[in-house]
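Chemist: need a 3D model of the sequence below.
(one chain, ligands or ions: 1)
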Amino acid sequence: MKNEKSDSIQINRRYLDSLVIEGRIVGAPHPSAQVTVLGKAFETPIVPGALSHLKGGMAGYAEGARLAGALCSVGMGSVEEMDAVYARNPDVIKIIKPYADKEEVFARIRAAERLGAFGVGMDVEHSIDQDGDADSLVAGFQMKLPTMDDLKAFIQSTKLPFFIKGALSVQDALRCRELGCAGVILSHHNGLLRWAAPPAMLLPDIRKAVGPDFILMADGGIADGYDAFKALALGADLVCVGRPLMDPYAQEGSQGVAKALRQMTLELKGVMARTGSKDVKHIDPAVIHPIHF
Ligand SMILES: Cc1cc2nc3c(=O)[nH]c(=O)nc-3n(C[C@H](O)[C@H](O)[C@H](O)COP(=O)(O)O)c2cc1C
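Modeler: Down below sits the predicted model:
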């Protein structure tokens, strides 16, 4: 039933709020929030989420990530809009829609390669309507849930690292690894699946199943540095932040995005300092506790 209880955004919020953090301040090292992703260094593990239809366009959004030294992901857009994005910031993972017309997918993969993108991906979760099993129409384009063979063809068509967005289980993550993905973005895309298990809840099992080298990005409901810390502690390599960057971008453009990312990163570093976490790879999951009142 569609109601507040089944709203995955709220379930996710309640879950993150149910986790508390133990302090390990005595003799704690000064932390670094820098991360290395597939050999490339970034200033923060916080990645602007794949947003589209942004007032101001995706190019300025991606530039905001560059100013903050962050890897960026971007959403739906034409090949022409992608030219503008990559011109301002090539360190972008382009999340391509699951277009029913596969040539739309291949054209975007080729554009990403031509322009030196960091990677490509596909939000497979956006191929199905929330209220039924019909393939959905997004911004006038027909979508289709890709088969394993379709995904294999997309992934094998490029040397760029490929990330599937919408994976939300151990099974999905293992299938994506088998398909040759560099990683997955754990996401329910703002509640497309109602009653969705919060990504942070699934992270420890998924990390255990896929091992240390498969990239896990937690997406959805990360509102500040504390949420980011919890997801990183539970097994994410990176966290995506989408909606919280929309107002800063609307108000102050690229500088607003950069400022918000820097602020969240500072907050994350503050928690890292208070938990003895010297860097993102060394956050002990045992500092996170479920709260029982
Ligand atoms: C305005 C808007 C546009 C979005 N466009 C896309 C898109 O084109 N591709 C995609 O993969 N996700 C898209 N998303 C989903 C986000 O990437 C993200 O999964 C979702 O908003 C949850 O993260 P958040 O809580 O940090 O916003 C969009 C979300 C919003 C709010």
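Chemist: identify the residues contacting stretch 204-220?
Modeler: When contacts are defined by CB atoms under 8 Å, 6 or more residues apart in numbering, stretch 204-220 is touched by residues 8-9, 12, 37-38, 47, 49, 163, 165, 169-170, 173-174, 177, 181-190, 198-200, 203, 231, 234-240, 242, 285. For every residue, glycine as well, the C-beta is placed using N, CA and C.
Chemist: report the buried residues of that stretch.
Modeler: Within stretch 204-220, the residues scored as buried using 16 or more other CB atoms under 10 Å are 206, 207, 210, 214, 215, 216, 217, 218, 219, 220.
Chemist: same check, this time on stretch 166-175
Modeler: For stretch 166-175, by 16+ other CB under 10 Å, it's 166, 167, 168, 172, 173, 174, 175.
Chemist: likewise stretch 114-131?
Modeler: Here stretch 114-131 shows 115, 117-128 as buried, counting by 16+ other CB under 10 Å.
Chemist: circling back to that earlier point, and the buried ones among the contacts of stretch 204-220, selectable in PyMOL?
Modeler: The PyMOL selection below is limited to those of the contacts of stretch 204-220 classed as buried (16+ other CB under 10 Å):
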select buried, resi 8+12+37+47+49+163+165+173+174+177+181+182+183+184+185+186+187+188+189+190+198+199+200+203+231+234+235+236+237+238+239+240+242
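Chemist: now, which of the contacts of stretch 204-220 lie within helices?
Modeler: 8, 9, 12, 170, 173, 174, 177, 199, 200, 203, 231 (DSSP state H).
Chemist: assess the claim that the first one and residue 189 are in contact.
Modeler: Same thing as residue 8. No: using CB atoms under 8 Å, residue 8 makes no contact with residue 189, being 9.1 Å away.
Chemist: ok, which pair from the buried residues of stretch 114-131 is furthest apart?
Modeler: The span of the buried residues of stretch 114-131, defined through CB to CB, is set by 115 and 128 at 30.0 Å.
Chemist: list the beta-bridge partners for the residue nearest the centre of the chain.
Modeler: Most central in the chain under CA atoms, centre = their mean is residue 240, positioned 3.6 Å from the mean C-alpha point. Residues in a beta bridge with residue 240, per DSSP bridges, are residue 47, residue 219.
Chemist: who's in contact with it?
Modeler: Contacts of residue 240 (CB under 8 Å, 6+ apart): 47, 48, 49, 50, 73, 185, 187, 217, 218, 219, 220, 222.
Chemist: would you tell me which residues of the stretch 1-150 of the chain are close to the ligand?
Modeler: 49, 50, 51, 52, 53, 75, 76, 95, 123 (CB under 6 Å from any ligand atom).
Chemist: one more time with 8 Å
Modeler: 9, 49-54, 73-77, 95, 97, 121, 123, 126, 138 (CB under 8 Å from any ligand atom).
Chemist: do the same with the stretch 151-293 of the chain
Modeler: 165-166, 185, 187-190, 219-223, 240-246.
Chemist: strands - which of the residues you listed land there?
Modeler: Taking DSSP state E, the ones among these that sit in strands are 165, 166, 185, 219, 240, 241.
Chemist: and the residue in the stretch 51-200 of the chain positioned nearest to the ligand, its phi and psi?
Modeler: Nearest to the ligand, among the residues of the stretch 51-200 of the chain, is residue 75, at 2.3 Å (CB to the nearest ligand atom). When quoted as degrees, to the nearest 10, the phi and psi of residue 75 stand at phi -100, psi -150.
Chemist: show me the contacts for the closest residue to it other than its chain neighbours.
Modeler: The shortest distance from residue 75 to any non-neighbouring residue, by CB to CB, 6 or more residues apart in numbering, is to residue 52 (3.5 Å). By CB under 8 Å, 6+ apart, residue 52 lies in contact with 58, 74, 75, 76, 77, 139.
Chemist: now do the first one, the pLDDT please.
Modeler: What that stands for is residue 58. Model confidence at residue 58, expressed as pLDDT, equals 96.
Chemist: gap between residue 67 and residue 33?
Modeler: 16 Å (CB to CB, to the nearest Å).
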